[in-house]
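**Student:** Have a look at this prediction, sequence included:
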Amino acid sequence: MLSGLLGVLVGAVGTFMFAALLPGSVTDHVSAASSWPVGLVLTLALSVAAAILARAWGGYGAYTAYAVGWLVVVIVLSGVHGPGGDVLAGAHQRWASLWMYGGFLLVAASAFAPRGWFSDEPRDRRPTS
């Protein structure tokens, strides 16, 4: 349950904020940081970190609840029309596609994280040679 709510929260925050720090029309390239999509990178990292957290909380059941919550809210919010009639994520179509598809692929790929990351069992000592 909490993992699904976490997925909804991360998906909503990511959809609203991925474009917050997108590169503008920088012509002099004095500031290298302004030419990187910082908001997009941070929201993608948040999505992956939360997916791994959900899997650590409750295994694949919690991870699935997170992934479904994330996916549903991203799809729904990406099609919502704003007060001016524009689509929320449509103003930056290239970045919006990267947020939606790239985010989905990264969240899906986090299901393949090694099982040892989530185990509390002590590991055997490695034999020394």
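**Tutor:** That came through, no problem. Residues are numbered from 1 along each chain as shown.

**Student:** Every contact and neighbour count from this point should use C-alpha atoms.
**Tutor:** Will do.

**Student:** gap between the residue most central in space within the chain and Arg125?
**Tutor:** The residue lying closest to the centre of the chain (Cα atoms, centre = their mean) is Ser47, at 2.5 Å. Going from Ser47 to Arg125 by Cα to Cα, to the nearest Å gives 34 Å.

**Student:** swap in Gly79?
**Tutor:** Gly79 is 52 Å from Arg125, where distance means Cα to Cα.

**Student:** need the longest helix for this protein.
**Tutor:** The longest helix of the chain (DSSP state H) is helix 38-78.

**Student:** Against which helices or strands is that one packed?
**Tutor:** Packing partners of helix 38-78 (3 or more Cα pairs under 8 Å, 6 or more residues apart in numbering; DSSP states H and E): helix 2-17, helix 103-109.

**Student:** For this structure, name the helix or strand with the lowest mean pLDDT.
**Tutor:** helix 93-97 (a mean of 79; mean pLDDT, DSSP states H and E).
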